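Q: starting from these lines, generate the structure:
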Amino acid sequence: MQMAKRNYLGGLEWAKAEEQLFEILFLRQDIPLLPLHWEVDFRGVPISGDCFCCKKGENPIIYAHTSTFLATTALTRLIDLTACVRTACQSGLRRKTAQMIKKALDKFIRWAAEDGGYNHLQYTPNIIVEVMDRDAEESDLTGFIEARMKALARLHRKILAVNQDVAEDMDIDKEVEMQIKKSHGETKVIDSDDDEQKTVEKGKQTVDLVSVKMEEDEKPIVKTECFEEDDISMKDIPHAQTVFSPSPLLPSPLPFRRPPPVIYGFFIVSSTVFLFTADSSKDEPSMNLSLLLDMNFQDQGQSVWNALTVAIVACLARDDMMTRMEDFEEERVVEESDVDA
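A: Here you go, the predicted structure:
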C-alpha cells in the first residue's frame, strides 16, 4: 500500500484526512466497514461477512451516532441506486440518470448531517455533489471541477480566518510579553493588578452562495487512480471511528482559528461518479485536487461497493463536521405573522 501511495502522490503532499481516506479505499475489501449488529438488517443483500466488525476492538467506518434504523435504511437506498440507474438506462432515460444519482447522494448526505446533529445549523458543507454536462469538453469539465472545489475551499478559509485587527493585537501582546520576560529575567509575565486578561470573541460568519466564474487559464492538478496489488495489513490503517480531534482554537501559527477542513466532491457525468478531495487549508496556488476513484452506477456487480464507497466518504465528512459545530450559528427560523390577527 505504501508503494501505491508513493506512486499516486509523486511529489504532492496530502492532509491527514486525505491520506486516511486513501488507505480506507485501498483496503476496503479487506477491512470491516459496518457494525456487526447491522448484519440482520442486510439479510438477502450480497454483502460479504468480512465487511462487518466481528472481532473485539474493531471499529466500523460506516456507523450511526443516533438511529440505526435510519442509517441502514439510508444505506439500503444507496445499494438500490445502481439497479435504478440500470433500469433508467435500459428504458431510454439515460439523460435522467445523473440527476437521479445526485438526488440519492444528496439524500444520504442529508442523513449524515442529521445523524451528526448539525443539520439545524447554518453550516458550510465539506462535501458537495455536482452534475456535469456529458457532452462538454474535457477542459471544460476539469475547469468546472477546479472552480467548484476552490470556491468551497475559499468559503471555509473565510469562515475560519482570524480577524486581522485581533491578530495584530495578539502579536503586539506577545512582543510586549517577551520584552517583560527579558527585562525581568523570568519565565512568565509578572502579575499586575492593572492588567486584565484579554478575551477574543469568536465571530461567526454567515456565508452566502457564491457564483463561480470558470478560470480558463488555470488547470487543476489531477491524478488518476493507481492502486497496485501489495501486502495488505490492518496495521497499515487506523481504526476509522477515531474522530479527528478538534484543533485548538488559539493560538495558532496559521491565520485561522482552526485549520480549514479537507473537502470532498462527487462530480457526476452520466452514470459515472468521480470522487475528488482537496485540502482547503492551502492557498489556491498550492492547493491540489486529487481524483481518488470513479464509480460506475451502471455496473450491476458494483451496487454494494458503490454504496459503501459513498457511505465511507459521507461518514468521514460527517465526523469531521461534528468537531466544527461551534464554528456555525443556529439557523434562524422566520415566523410568519397572522395579518388577520
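Q: next SSE after whichever strand or helix holds Ala17?
A: Ala17 belongs to helix 16-26 when assigned by DSSP states H and E. Per DSSP H and E, helix 16-26 leads on to helix 68-90 as the next helix or strand towards the C-terminus.
Q: buried sites along that next one?
A: 71-72, 74-75, 78-79, 81-82, 84-86, 88-89 (16 or more other C-beta atoms under 10 Å). Bear in mind the C-beta positions are built from the backbone N, C-alpha and C, glycine included.
Q: just stretch 277-289 next, same as before
A: The neighbour-count check on stretch 277-289 (16+ other C-beta under 10 Å) flags Thr277, Ala278, Asp279, Ser280, Ser281, Met287, Asn288, Leu289 as buried.
Q: okay, angle between the helix or strand where the second one lies and helix 16-26 too, please.
A: Take DSSP H and E as the rule and Ala278 turns out to sit in strand 272-279. Here strand 272-279 runs at 150 degrees with respect to helix 16-26, directions being taken by axes from the mean of the first three to the mean of the last three C-alpha atoms, to 10 degrees.
Q: strand 272-279 - which strands sit beside it in the sheet, and in what orientation?
A: Note on strand 272-279: by DSSP bridges, its sheet partners are strand 262-269 (antiparallel), strand 290-296 (antiparallel).
Q: ranking the ones you listed by burial, who's on top?
A: strand 262-269 (a mean of 23; mean count of other C-beta atoms under 10 Å).
Q: what comes into contact with that strand?
A: Strand 262-269 is contacted by residues 15, 17-18, 98, 101-102, 105, 126-132, 134, 141, 144-145, 148-149, 152-153, 156, 273-280, 310, 313, 317, 320 when judged by C-beta atoms under 8 Å, 6 or more residues apart in numbering.
Q: could you redo the last one with a cut-off of 7 Å?
A: 15, 17-18, 98, 101-102, 105, 126-132, 134, 145, 148-149, 152-153, 273-280, 313, 317 (C-beta atoms under 7 Å, 6 or more residues apart in numbering).
Q: which of those residues are buried?
A: 15, 17-18, 98, 101-102, 105, 126-130, 132, 145, 148-149, 152-153, 273-280, 313, 317.
Q: give me the average confidence score over whichever strand or helix holds Ala4.
A: Element membership for Ala4 (DSSP H and E) is helix 2-9. What helix 2-9 shows for mean pLDDT is 68.
Q: go on, stretch 327-341?
A: Stretch 327-341 comes out at a mean pLDDT of 66.
Q: and if you look at stretch 152-171?
A: Rounded mean pLDDT across stretch 152-171 is 73.
Q: equivalent analysis for stretch 30-41, please.
A: On average, stretch 30-41 scores 94.
Q: how deep is Glu114 tucked in, by neighbour count?
A: 17 (other C-beta atoms under 10 Å).
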